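[1] A predicted structure for the sequence below; I have some questions about it.
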Amino acid sequence: MSMYGRDPWGGPLEIHATDSATDDDRSRNLGDYDRAALSRPLDETQQSWLLGPGEQKKKKYVDLGCIIVSRKIFVWTVGSILAAGLLAGFITLIVKTVPRHHHHNPPPDNYTQALHKALMFFNAQRSGKLPKHNNVSWRGNSCTNDGKSNVAPVIKDLVGGYYDAGDAIKFHFPGSFAMTLLSWSVIEYSAKYEAAGELAHVKEIIKWGTDYFLKCFNSTADSIDQLAAQVGAGDTTKGSNENDHYCWMRPEDIDYDRPVQMCSSCSDLSAEMAAALASASIVFKDDKAYSQKLVHGAKTLYKFSREQRGRYSAGMDAEKFYNSTMYWDEFIWGASWLYYATGNSTYLTLATTPGLAKHAGAFWGGPNYGVFNWDNKLPGAQVLLSRMRLFLSPGYPYEEILRTFHNQTSIVMCSYLPYFTSFNRTRGGLIQLNHGDPQPLQHAVNAAFLAALFSDYLEAADTPGWYCGPNFYSTDVLRKFAQTQISYVLGKNPRKMSYLVGFGNRYPKHVHHRGASIPKGSRPSCTGGYKYRDSSKPNPNVLVGAMVAGPDKFDGFHDVRTNYNYTEPTLAGNAGLVAALIALSGDGSAKIDKNTMFSAVPPMFPTPPPPPAPWRP
C-alpha cells in the first residue's frame, strides 16, 4: 500500500509544491517571512496582507514557585476554598447556638433501685468497729468486747459480723446462709452488680461476714473440735435476766454480758459456714492469698462437720429461734461449694452420694419439699448441681444422681407455678411456701431467686423450657413467677404497700428494730427502752432497705413495732431479696456468668461405665 492515503473522491492525496498554491495563497504566506527582511516600507494595504488576522492575547499565569497555573483556575480554586470555609463556619455557628438535647441513660428499673436500698440494710446490721464509709448516720461502734468473756481459750475475739434482725444477737447459722446466698448471686451476676455500681459494695458486705466467720474457730488449723455458734442470748423464759431480747437498747449502749455459745457437734452449722467460706473464695479468687485462706477454713469446717455429727441447735438457745431439723442437706450443700472452690473430686463424690440425698429428703415429698431457706438447703443444692450437668456434663459416675437432682429441680420449679396446687397463694398472689405461717416473704424471695436463676441456666444451655408432666413450659413462665413475687414485695399487692423500707411512697414506719426505734443520743436503760418499743410514733431512724417479715395469709399487714411477725427484718431474708433483685434487674442483655463458677474445676474426662454383666441363657 502506498504511504499516501487515497482521496475519498477517488484522486490521489500527493501534494505537488509547484502547483499546490494559488497566487492568493502565496500572498498570504508572506506572513511567514521575517518582516525585518523587507527593504522598503509597506503601504497600509500591504501591511494588512503581512499581518493577516489579529494576534491572540497571551494567557495570564500565576507562578506559585513549584508549579505555574492559570490565573483563572487559581482564582476559582481560592474562591471555592473560601466559600467552603464560610459555609463550614456558618454550620458550626448554628450547631453551637442551637440548644442540645442530651440523651441520658434510661433510669434504672425498679429492681435495680430496690437493690441499692436492700444492700444498705447490711450496713445497718454491722457489729463491731464500723468503717468510716458505712453510710448509716445513726449507727456507731458497738459490742466491741464480744468474745472477751468467752471461757474457751482458743477464741477471745468475736468482734464484728452482723446482728441477725431487730435484736443484737449474732446467729451464725442463718448468718452463714445469708453470706452464701450473696456470694452465689455475685458469682452468677457480677456483670449486673458492676452495671448497677454495687459490685464493690456487695463484696465488702460479704467480706465483713467472712472475716468474722474466720474468727469463730481456729482457722489456721487443719482440725478443730469446737466452733462458736452464737454471740448473745435471747431466751426470756428465765425472768428478768438482761439479754438481747429482754432489753430494748441500741447496740451501741449495751452494757450487759453477751455470752458466746460454743458447739462441739454441730454438723449443720459447720457445713453451712464451710459453704459460706467456699463460695466467698470464688468471689475473691483474684485475691489469691485471701481466697486460699477462705478455702482452708472451709475445708477445716467441713471436716469437722463430718467427724462430729450433731445438730447445732439441740439444747441451745438457738433452738427457740433458728432450730435446725437435720444436717444432711448441709452436707450436700457444703460439699457442692467446696468442689466448685477446690476442684477436688472427693467433694463432688460426697455431694452426689445417693445415701446423703436420701437422708436429705431428695426422694420423698412432704409439706416443705422445695422450700429453700436457712434450714433447708436441698433445693438450692439441687439447682447448684444441675448447673454442672447442664454446662459440664460430667457423665459417669455422677450422671445418674445429677440427672435425679435435675429432675427434682424441675419438679420444684413446677410447684412454684400457679397451675399446680403444691402451695397456696394469697388473693394478692403471694405464694405461701410456709403454708400460711407468719413471716412468708423470706421464703418467697428465695423461690424467686431460684426460679430466675434456673431460667437463666436453661437459656444459657440453649434450652427453651422444661416439662411438668406432659406439659412443656418456657423459661418465661419461671421468670414471670419470680417477677410477680418480687413485685408483690415492692408494692404490687392489695395493700399497695412496699414491704421494703424506703422504697416507694408507702412502706412500714414502725419496724421491729431496736437501733431504728431509739433516737440517736438517747441512752435508755434495759427496760427504759420499752417506751420507744411501745410508742405509736414512727421510728426516728429509717432502716433503709429492710424487708420486713410480711403480711399474713389474707394479705393483711399491721404496721406495729411490737409484732415481729409483721415488721421484723432478718439478715437471711434480705440476702434472698438481694439475690432475686439482681437476677431480675437490668435490660435483659446481661445473663449469668457461665465460667467463673468452674474456675477451679479441672477439665473433666468422664470414666466409661463398667461393662454389663455377661449374658447368661
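    Thanks, I have the structure now. Bear in mind that the values here come from a model prediction, so they are computed numbers and not experimental data.

[2] Tell me the pLDDT of residue 316.
    Here the pLDDT value assigned to residue 316 is 93.

[3] Also residue 607?
    Model confidence at residue 607, expressed as pLDDT, equals 72.

[4] Residue 558 now?
    pLDDT, read off for residue 558, is 98.

[5] Residue 248 is in contact with residue 512, correct?
    No - between residue 512 and residue 248 there is no contact under Cβ atoms under 8 Å: 10.4 Å. C-betas here are computed from N, CA, C, even on glycine.

[6] Just want to know which of the two has more residues nearby.
    residue 512 (26 against 23; other Cβ atoms under 10 Å).

[7] could you measure the nearest residue to residue 600 once chain neighbours are set aside against residue 296, distance?
    Excluding its sequence neighbours, the residue lying closest to residue 600 (Cβ to Cβ, 6 or more residues apart in numbering) is residue 343, at 4.4 Å. Look at residue 343 and residue 296: by Cβ to Cβ, to the nearest Å, they are 15 Å apart.

[8] Which parts of the stretch 51-200 of the chain are strands?
    61-63, 68-70, 170-171 (DSSP state E, counting those that start in this stretch).

[9] again, but for the chain
    For the chain, the strands defined by DSSP state E cover 61-63, 68-70, 170-171, 227-231, 260-263, 465-468, 471-474.

[10] most packed of those?
    Stretch with highest mean neighbour count among the strands of the chain: strand 170-171 (a mean of 30; mean count of other Cβ atoms under 10 Å).

[11] which strands and helices sit next to that one?
    On a contact count with 3 or more Cβ pairs under 8 Å, 6 or more residues apart in numbering; DSSP states H and E, strand 170-171 meets strand 227-231.

[12] so what does the strand it packs on touch, helix or strand wise?
    Checking 3+ Cβ pairs under 8 Å, 6+ apart, strand 227-231 ends up next to strand 170-171, helix 172-195, strand 260-263, helix 267-283.

[13] Run the angle between the last one and strand 227-231 for me.
    Comparing the axes of helix 267-283 and strand 227-231 via axes from the mean of the first three to the mean of the last three Cα atoms, to 10 degrees yields an angle of 90 degrees.

[14] Which residues are in contact with residue 521?
    Shown in contact with residue 521 (Cβ atoms under 8 Å, 6 or more residues apart in numbering): no residues.

[15] Revised request: answer the last question for residue 449.
    Counted by Cβ under 8 Å, 6+ apart, residue 449 has contacts 181, 185, 482, 576, 579-580, 583.

[16] Of the residues you listed, which belong to helices?
    Using DSSP state H, 181, 185, 482, 576, 579-580, 583 are the members of the contacts of residue 449 that sit in helices.

[17] The nearest residue to residue 363 once chain neighbours are set aside - how many residues pack around it?
    Using Cβ to Cβ, 6+ apart and skipping the chain neighbours, the partner closest in space to residue 363 is residue 357 (6.9 Å). Residues near residue 357, counting by other Cβ under 10 Å, number 24.

[18] Surely residue 357 and residue 404 touch.
    Yes - contact criterion Cβ under 8 Å: residue 357 and residue 404 qualify, at 7.2 Å.

[19] where do the contact lists of the two overlap?
    residue 363.

[20] Leaving out chain neighbours, which residue sits closest to residue 290?
    residue 284 (5.2 Å).

[21] which residue ranges form the helices in the stretch 251-400 of the chain?
    267-283, 288-307, 328-342, 345-351, 354-360, 378-391, 399-416 (DSSP state H, counting those that start in this stretch).

[22] how about the ones you listed, which one is nearest residue 589?
    helix 378-391 (20.3 Å; Cβ to Cβ).

[23] If you count neighbours, what's buried in stretch 416-426?
    Residues of stretch 416-426 classed as buried by neighbour count (16 or more other Cβ atoms under 10 Å): 416-417, 422-423, 426.

[24] Same question for stretch 273-287.
    273-285.

[25] Wait, the residue nearest to residue 600 touches residue 602, no?
    Yes - look at residue 343 against residue 602 with Cβ under 8 Å: they come within range, at 5.1 Å.

[26] Counting neighbours, go ahead and name the busier of these two.
    The neighbour comparison of residue 343 against residue 602 (other Cβ under 10 Å) goes to residue 343, with 16 against 9.

[27] For that one, what are phi and psi?
    phi 80, psi 10 (degrees, to the nearest 10).

[28] Give me the nearest residue to residue 158, chain neighbours excluded.
    Nearest one to residue 158, counting by Cβ to Cβ, 6+ apart, is residue 147 at 3.2 Å.

[29] tell me the contacts of the one you found?
    Contacts of residue 147 (Cβ under 8 Å, 6+ apart): 155-159, 215, 228, 231, 260.

[30] what about the stretch 151-300 of the chain, any weak spots by pLDDT?
    Along the stretch 151-300 of the chain, segments meeting pLDDT under 70 span 151-153.

[31] By residue count, what's the longest helix in the chain?
    Longest helix in the chain, counting by DSSP H: helix 71-97.

[32] how much space is there between the closest residue in space to residue 111 that isn't next to it in sequence and residue 482?
    Using Cβ to Cβ, 6+ apart and skipping residues adjacent in sequence, the residue nearest residue 111 is residue 585, 4.0 Å away. Computed as Cβ to Cβ, the residue 585 to residue 482 distance reads 11 Å.

[33] Residue 539 and residue 250, how far apart?
    From residue 539 to residue 250 the distance is 12 Å (Cβ to Cβ).

[34] what does residue 311 give?
    Applying Cβ to Cβ to residue 311 and residue 250 gives a distance of 33 Å.

[35] And for residue 410?
    For residue 410, the distance to residue 250 - Cβ to Cβ - is 48 Å.

[36] The two: who's more crowded?
    residue 250 (25 against 18).

[37] what sits against residue 380?
    Counting by Cβ under 8 Å, 6+ apart, residue 380 touches 184, 333, 372, 450.

[38] again, but for residue 298
    274-275, 277-278, 281, 334, 337-338, 341.

[39] How much space separates residue 496 from residue 488?
    11 Å.

[40] Give the residue from the two that has the larger number of neighbours.
    Neighbour comparison, residue 496 and residue 488: the larger count goes to residue 488, with 26 against 10 (by other Cβ under 10 Å).

[41] circling back: tell me the confidence at the residue nearest to residue 158?
    For residue 147, the model assigns a pLDDT of 93.

[42] Same check on residue 480?
    Residue 480 carries a pLDDT value of 97.

[43] What separation do you get for it and residue 70?
    77 Å.

[44] Give me the nearest residue to residue 150, chain neighbours excluded.
    residue 260 (4.2 Å).

[45] residues contacting the one you found?
    Per Cβ under 8 Å, 6+ apart, neighbours of residue 260: 146-147, 149-150, 152, 155, 158, 228, 230-231.

[46] thinking the residue nearest to residue 111 is in contact with residue 109, fair?
    Yes - the criterion here is Cβ under 8 Å, and residue 585 meets it with residue 109 at 6.2 Å.

[47] the more surrounded of these two?
    A direct count of neighbours by other Cβ under 10 Å for residue 585 and residue 109 places residue 585 higher, at 25 against 15.

[48] who's in contact with that one?
    108-109, 111-112, 115, 192, 196.

[49] same thing but at 6 Å, please
    111-112, 192 (Cβ atoms under 6 Å, 6 or more residues apart in numbering).

[50] Most neighbours among the residues you listed, please name it.
    Highest neighbour count within those: residue 192, with 26 neighbours (other Cβ under 10 Å).
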